[in-house]
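Asks: next come a sequence and a model predicted from it.
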Amino acid sequence: MRDLDYLIVGTGFSGAVLAERLSSIKKKVLVIEKRSHLGGNSYDYYDEHGILVHKYGPHYFRTNDKNIFNYLSKFTKWRHYEYRVRTSVDGNLYPFPINRDTLNQFFNTNLKTEDEAKEFLKTKIVSIKNPGNAEEQILATLGKELYEKFYKNYTKKQWNIAPTKLESSVTARIPVRYNTDDRYFNEEIQAMPLNGYFKLFENLLENIEIWFNTPFNKVKNDLEYKNLIYTGPIDEFFDYKFGKLPYRSLKFVHENYDKEFYQNWVQINYPNDYDYTRIVEIKHATGQNCSNTTIVKEYPSDQGKPFYPIPTKYNLALYKNYEQEALKLKNSYFIGRLATYRYLNMDEVVKNALDLFQMLQKKK
Ligand SMILES: Cc1cc2nc3c(=O)[nH]c(=O)nc-3n(C[C@H](O)[C@H](O)[C@H](O)COP(=O)(O)OP(=O)(O)OC[C@H]3O[C@@H](n4cnc5c(N)ncnc54)[C@H](O)[C@@H]3O)c2cc1C
């Protein structure tokens, strides 16, 4: 059916950006989406209490890449907002990622400069030459006490595997600061789409044909297309022929309160208490002005939607088998977090999509 230049599977940032770019050069594009809404995991909506919430976990946009920010700014205005997070340990709230104030509060010290903080941590860290897993990476950067209280149980709860079995890249993503900067992220640009992600996606995909509730498998034999852009799970595409790629999922429990704010921070982490890992009150970041609030408790789980690829050596090798199969296919492009089995932030996904577009534009 129909002579499409591109069939695009998925309306997350990967699929939406490519659909927008390819349509802009007059390619015939059809987007299919198995869910009933746009936006992939970045989707947000107003809940029954009128609060703008993020359906698949909090999405804090940030980037150092002005090109990406400028590109997205064609589809949204922004609310600049620096995310600040606290971690609850033994009933006290500490700045997280760990910075000099965290050290002073936790160790009851009075470190005044970055050099003092560095020297102090040197007395705490465990000497490990080439940290080979998440536990070693933290021990070599922060030492045993901070590892035990801030990381060990959080990592276990989040991944349900021992930190020694996780690649060091998982925890190496979290910065350690010797100054008193208490922002959650280092990126220069930190902002929320002013009217939410859903509106941003509506603008991106304006005038583009989308079929909702349409899994690829249902229509793949009925559609004719010259090129395929696939942003779904790569193992599903190949009928799991090498086995299933494992993911960690989350269950979200929403609670609404009849007060302006529930907590003072957009996010509080609970490494050691409760079955949930964090409580997010996204209203701090969206800036919504209303008298009630919704919070979300996040419970990590093996069951549910595929959220976090689990980067163990075994799983990454399994993914490589699929990648090799994908490379053999002509005019088929696998992009995004599910098709490349990688945890990618939104700005990275947008960059990859824009790069792929550049490449496709040059193609005859
Ligand atoms: C809990 C959580 C929190 C996050 N927080 C942040 C954050 O704070 N900041 C940040 O930058 N990034 C964050 N991310 C990452 C962000 O979600 C991703 O970068 C982004 O969603 C990736 O876009 P994508 O298009 O590749 O994939 P997705 O957003 O997952 O979109 C894929 C789309 O394809 C559809 N699809 C899949 N398979 C099929 C099929 N077979 N047929 C039809 N449609 C299909 C899906 O329904 C989905 O709509 C977070 C991720 C998670 C899981």
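Replies: Okay, I see it.

Asks: beyond the helix or strand bottoming out on mean pLDDT in the chain, next helix or strand please.
Replies: Taking mean pLDDT, DSSP states H and E as the measure, the helix or strand of the chain with the lowest value is helix 169-172, at a mean of 78. Using DSSP states H and E, the helix or strand that follows helix 169-172 towards the C-terminus is strand 189-193.

Asks: not counting that following strand itself, show me its contacts.
Replies: The contact list for strand 189-193 (C-beta atoms under 8 Å, 6 or more residues apart in numbering) reads 60-64, 66, 69, 72, 76-83, 183, 199-200, 285-287. Every C-beta, even on glycine, is put in place using the N, C-alpha and C of the backbone.

Asks: apply 7 Å and report the result again.
Replies: With contact meaning C-beta atoms under 7 Å, 6 or more residues apart in numbering, strand 189-193 is reached by 61-63, 69, 76, 78-83, 199-200, 285-286.

Asks: farthest-separated two in the residues you listed?
Replies: Farthest-apart pair in the contacts of strand 189-193 is 82 and 199; separation 22.0 Å (C-beta to C-beta).

Asks: gap between residue 219 and residue 40?
Replies: Taking C-beta to C-beta, to the nearest Å as the criterion, residue 219 is separated from residue 40 by 19 Å.

Asks: residue 98: neighbour count?
Replies: 23 (other C-beta atoms under 10 Å).

Asks: helix, strand or coil for it?
Replies: Per DSSP: H, G, I helix; E, B strand; the rest coil, the secondary structure class of residue 98 is coil.

Asks: that one contacts residue 142, doesn't it?
Replies: Yes. Between residue 98 and residue 142 there is a contact under C-beta atoms under 7 Å: 6.4 Å.

Asks: what residues are shared contacts of the two?
Replies: With C-beta under 7 Å, 6+ apart, residue 98 and residue 142 have common neighbours residue 176.

Asks: tell me which residue of the stretch 151-300 of the chain lies closest to the ligand.
Replies: Taking C-beta to the nearest ligand atom, the ligand has its nearest neighbour within the stretch 151-300 of the chain at residue 232, 2.6 Å off.

Asks: tell me how many other residues crowd that residue.
Replies: 22.

Asks: do the one 5 residues further on as well
Replies: For residue 237, the number of neighbouring residues by other C-beta under 10 Å comes to 23.

Asks: name the strands paired with the strand ranked longest in the chain and say parallel or antiparallel.
Replies: Taking DSSP state E as the criterion, the chain has its longest strand at strand 247-257. Strand 247-257 pairs in its sheet with strand 293-301 (antiparallel), strand 308-309 (antiparallel), by DSSP bridges.

Asks: correct me if wrong: residue 233 contacts residue 340.
Replies: No. Using C-beta under 7 Å, residue 233 makes no contact with residue 340, being 10.3 Å away.

Asks: which residues of the stretch 101-250 of the chain lie near the ligand?
Replies: Within the stretch 101-250 of the chain, the positions adjacent to the ligand are 215-216, 231-232, 236, 250 by C-beta under 6 Å from any ligand atom.

Asks: pull out the buried positions in stretch 129-146.
Replies: For stretch 129-146, the neighbour count (16 or more other C-beta atoms under 10 Å) marks 131, 133-143, 146 as buried.

Asks: do you know how far the residue lying closest to residue 333 once chain neighbours are set aside is from residue 236?
Replies: Nearest non-adjacent residue to residue 333, counting by C-beta to C-beta, 6 or more residues apart in numbering: residue 229, 5.0 Å away. According to C-beta to C-beta, residue 229 stands 15 Å off from residue 236.

Asks: these two: who's more crowded?
Replies: residue 229 (28 against 18).

Asks: circling back to that earlier point, just the buried members of the contacts of strand 189-193?
Replies: Here, 16+ other C-beta under 10 Å leaves 61-63, 69, 76, 78, 81-83, 199-200, 285-286 buried among the contacts of strand 189-193.

Asks: still on that earlier bit, what pairs with the residue nearest to residue 333 across the strands?
Replies: For residue 229, the beta-bridge partners under DSSP bridges are residue 8, residue 333.

Asks: spit out the contact partners of it.
Replies: Taking C-beta under 7 Å, 6+ apart, one finds 6, 8-9, 15, 18, 333, 335 in contact with residue 229.

Asks: where in the stretch 101-250 of the chain is pLDDT low?
Replies: Scanning the stretch 101-250 of the chain for pLDDT under 70 picks out nothing.

Asks: repeat the analysis, applying 90 as the threshold.
Replies: 129-132, 134, 155, 159-163, 165-176 (pLDDT under 90).

Asks: in it, which spans are helices?
Replies: In the stretch 101-250 of the chain, the helices defined using DSSP state H, counting those that start in this stretch lie at 114-122, 134-142, 144-146, 153-159, 169-172, 197-204, 216-219, 234-237.

Asks: give me the distance from the third one to the chain's centre.
Replies: How far helix 144-146 lies from its chain's middle: 27 Å, per C-alpha atoms, centre = their mean, to the nearest Å.

Asks: contacts for it?
Replies: Contacts for helix 144-146 (C-beta under 7 Å, 6+ apart): 98, 124, 126.

Asks: ok, now how distant is the residue nearest to the first one when sequence neighbours are not counted from residue 103?
Replies: In this structure, residue 98 finds its nearest non-sequential neighbour in residue 176, 5.6 Å apart by C-beta to C-beta, 6+ apart. Noted for residue 176: a distance of 10 Å to residue 103, by C-beta to C-beta.
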